[in-house]
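> what follows is a predicted protein model with its sequence.
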Protein chains: 2
Amino acid sequence: MKVVKFGGSSLANSVQVSKVVKIIQADDQRRFVIVSAPGKRFKGDIKVTDLLIQYAKATMNNTPTETITGQIIARYEEIATAFKVPQTAFEKIKTTILSLPQQDYQDDGYLMAAFKAHGEKLNAMLFAEVLKTAGVNAKYLDPKDVGLKLTDSPNDAEIIPSSYEQINQWADSKLVRVIPGFFGYNDQGQICTFSRGGSDITGAIIARGVHAKRYENFTDVDAIYAADPHIIHHPIAIHNMTFREMRELSYAGFSVFHDEALIPAIQGNIQVVVKNTNHPSERGTSITSHKRVNPAYPVSGIASSPGFCGIYIRKYMLDKKRFSQKILNLLAKYDLSYEHMPSGIDDLTVIMRQDQLTPELEDRLIRELVIALQPDEIHISHNYALLMVVGEGMADRTGIMSKATDALARQNVKLTMVNQGASEISMMFGIKQDEAQAAIKALYDTFFPDL
Amino acid sequence: MKVVKFGGSSLANSVQVSKVVKIIQADDQRRFVIVSAPGKRFKGDIKVTDLLIQYAKATMNNTPTETITGQIIARYEEIATAFKVPQTAFEKIKTTILSLPQQDYQDDGYLMAAFKAHGEKLNAMLFAEVLKTAGVNAKYLDPKDVGLKLTDSPNDAEIIPSSYEQINQWADSKLVRVIPGFFGYNDQGQICTFSRGGSDITGAIIARGVHAKRYENFTDVDAIYAADPHIIHHPIAIHNMTFREMRELSYAGFSVFHDEALIPAIQGNIQVVVKNTNHPSERGTSITSHKRVNPAYPVSGIASSPGFCGIYIRKYMLDKKRFSQKILNLLAKYDLSYEHMPSGIDDLTVIMRQDQLTPELEDRLIRELVIALQPDEIHISHNYALLMVVGEGMADRTGIMSKATDALARQNVKLTMVNQGASEISMMFGIKQDEAQAAIKALYDTFFPDL
């Protein structure tokens, strides 16, 4: 049995929805369907989730909401009309949208969570009706009924592990169950959502819970590619990859599949297949725990993520343990997280995402570091990218390192950091953000030469 | 005016001492002479400092000391006799050695410090007499009189910064002042020593205190070499290097000049020259803050240091800040220091000197790490070496990295860590200890090709 998840672009309008219906009809193993909220129909369109966020803010601020509710209702109505969904079913959706402000919410955080979650909830209710009109024996299943208990963090919740036992009781369901992604409930029965894009997480949790053979994640790309198609013209598709590879690549900007969704898949050892709703016969990308035997290329993918800064700190004969403890304490004080802390003999660099720092906070942090560490030198550099070369086939990492640095040297890409320490399947380079495209091109040509 | 320091091998016997006398006579700028204890006269010989440590232990354990005091006295007597030092002066040395057990010591730590320090103290007293017999207007100057105040850590003390003002009052001394290296006094007037080999530190402190033009460090090598002469046949000499280069190379095993001795030299911006007592006309190695213009080679030196282990820890979606705080707390609990902590996406490696860990402590540490971190994977690997490529000329580090990794790949040296992050003048590789020789040869051939 398979769990299938459809992203927002797969359910953006009736044309897309009809493709999804066909995909479900094509394989009777597809028995758990997780849906996102309707996404963009065209470039520049607004996602229903974003409309719901506007709706929630207008409600909090007591400003008029008619225009926005009209837009939201129209999105569902187009689909309902096209599939001749019974009027009573659609009326329920409409009423629910209009009555959202009248519900009880503990505070604005819960209000926001509930409004957002309805993008998925109503879409799942509607899609169950659509499937019925198409002759599929389908039924809406609410996250409350399936047993999806989340931590009490309204807009950034996590699964409570006991949920899996509850979910497992649905494993033998004969109907096609349509479950909204993105949200669940806390102990008090209030709606809490995962982080944005969290429908992938719901799908992975359900797949783990029901011990699915496969978790199919339908989106709008034929596969995950070895490099960003915006930078490399027709990059090679990665048809098979491991969980670890996916994790490293998604860290560095491969955003096809939600990061946190990998964890339930890994824990349950569920095969994840990324497929295209628009070309369902394409192979897509299969993600499993199995390493490939004799991979065609030692490197699987090359990724780069911008927006990092580095705080360089030098002090002669520093005591690294005390030094880094003081740094971590200061980071904790300002709730900042760091990504890497490469160290030389008498210096270290704290590499972090720079969107965490306002100019004021940056000044204060540097000032407090000076007081705490009394360094001989300290300065911060902005606009770095982390460039990752990832591959389970990197057994001979010395050879790969040599090829990679040679390719970068030939393009005059300056390496401000080279980090290969812990992970056996990746190496990481710190480069200037504006050299990232050239770097990716150079590495792609090196590691995928005959394409 | 110059401060001159002579190592143990330069003062091991009367033949060596006569070379030192000539060196001092050759330049009347050499007005502060720091001496070590008599070192080895031949391979397999015992240093006086080690005899004194045996003497201290025998005293603590109340075992006979006649043989050992006999050996110690004989070492000084050979020199005294050769230079016809007045009998009264030598008798004073002899009596001091024999009366060491009768002094008051706060505890065994101070006893040990005082015994060890007398290797230098008596050698300085003797050498002042030797210089006088050679017609040099010389005088013994005790660290107490020169104002060398140290922290109250009997066998691993550090300078108290106010000492520099005291030392400076001796700057205009017209005599040649002979000062024993290695020790000073705490606030209570008790002897405390630097770490082993600390005479270099005394020399640097005196040089900074009297604002010397130059600090000449006489030892038994013609220069500092670009690589270990035990591995590379006749390596190129480094005639000019910067403090930073020296610091990075000495970290990785270049033991010519004591690590901690660099700090006063850097703080006072004192030129350090390493020279050979046996070939004083050789250029030696000059260490300053000046970078070379157009260096002949981008790399200055290649060094490798064995004896490291790495604790690899993996956990999906770890919070790096909390994770590393917990690790540092555990290291602090067991008073362990770490050298580097390279991190991947979901893993990090703690690299530390393995001589800190007994098998029992290692087991306990791993067990406590498991409890504190609940990692998905944890293991420790032993017998790594850190390989350093150092050079102020490494402006194009990408090119150097590419050449270095290419050379290592051709020799099949496996890189378990690559760290280039903070320091602008070095890159660091983690390799297997038993591949270190091959690695150094490969890098030497690459970066010093025409030799």
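Everything's here; your move. Residues are numbered from 1 along each chain as shown, chains lettered A, B, ... in the order given.
> going forward, measure contacts and count neighbours with C-alpha atoms only.
Fine.
> neighbours around A:T358, how many?
Per other CA atoms under 10 Å in any protein chain shown, the neighbour tally for A:T358 reads 10.
> again, but for the one 10 residues further on
Each residue near A:E368 was counted by other CA under 10 Å, and the total is 14.
> measure the residue nearest to it when sequence neighbours are not counted to A:E362 for me?
Distances taken as CA to CA, 6 or more residues apart in numbering or on different chains put A:L330 closest to A:E368, at 7.8 Å, once the chain neighbours are dropped. Separation of A:L330 from A:E362 (CA to CA, to the nearest Å): 12 Å.
> also A:I159?
34 Å.
> more crowded one of the two?
Comparing A:I159 with A:E362 by other CA under 10 Å, the one with more neighbours is A:I159, at 21 against 15.
> can you pull up the bridge partners for that one?
Bridge pairing for A:I159 (DSSP bridges) gives the partners A:L150.
> that one contacts A:L148, correct?
Yes: using CA atoms under 8 Å, A:I159 makes contact with A:L148 at a distance of 7.3 Å.
> first vs last residue of stretch A:41-52, how far apart are they?
Stretch A:41-52 end-to-end distance (CA to CA) = 16 Å.
> before we move on, what about stretch A:218-238?
Taking CA to CA as the criterion, the two ends of stretch A:218-238 lie 16 Å apart.
> just the buried residues of it, please?
Neighbour counts over stretch A:218-238 (16 or more other CA atoms under 10 Å in any protein chain shown) mark A:218-228, A:232, A:235-238 as buried.
> got it, and stretch A:262-273?
A:262-266, A:268-273.
> so what touches the helix or strand in which A:T88 is found?
A:T88 is part of helix A:87-99 when elements are defined by DSSP states H and E. Residues from elsewhere that reach helix A:87-99, judged by CA atoms under 8 Å, 6 or more residues apart in numbering or on different chains: A:69, A:73, A:77, A:80, A:118, A:122, A:125-126, A:129.
> in CSV, list the C-alpha atoms belonging to it.
Provided in CSV are the C-alpha atoms of helix A:87-99 (Å, rounded to 0.1, in the frame of the first residue of the first chain):
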residue,chain,number,x,y,z
GLN,A,87,-23.8,21.9,-3.6
THR,A,88,-24.3,20.9,0.0
ALA,A,89,-20.6,19.8,0.2
PHE,A,90,-19.4,23.0,-1.3
GLU,A,91,-21.7,25.1,1.0
LYS,A,92,-20.0,23.5,4.0
ILE,A,93,-16.6,24.6,2.7
LYS,A,94,-17.9,28.1,2.1
THR,A,95,-19.5,28.4,5.5
THR,A,96,-16.4,27.1,7.2
ILE,A,97,-14.3,29.8,5.5
LEU,A,98,-16.7,32.5,6.5
SER,A,99,-17.1,31.4,10.1
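> now A:G399: closest residue in space, sequence neighbours ignored.
A:G399 sits nearest to B:A409 (CA to CA, 6+ apart), 5.2 Å away.
> quick check, distance from the one helix or strand the one you found maps to to the centre of its chain.
Assessed by DSSP H and E, B:A409 sits inside helix B:397-410. With CA atoms, centre = their mean, to the nearest Å as the basis, helix B:397-410 stands 30 Å off its chain's centre.
> go on, stretch A:301-317?
Using CA atoms, centre = their mean, the offset of stretch A:301-317 from its chain centre is 23 Å.
> touching chain B at all, it?
Yes: shown here: stretch A:301-317 in contact with chain B (CA under 8 Å from any CA of the partner chain) through A:312-313, A:316-317.
> just stretch A:250-270 next, same as before
Yes: counting by CA under 8 Å from any CA, chain B is contacted by stretch A:250-270 at A:251, A:260, A:263.
> let me know the pLDDT of the second one.
Predicted confidence (pLDDT) at A:E260: the value is 86.
> pLDDT at the closest residue in space to it that isn't next to it in sequence, what is it?
Nearest non-adjacent residue to A:E260, counting by CA to CA, 6+ apart: A:I201, 6.4 Å away. We have a pLDDT of 96 for A:I201.
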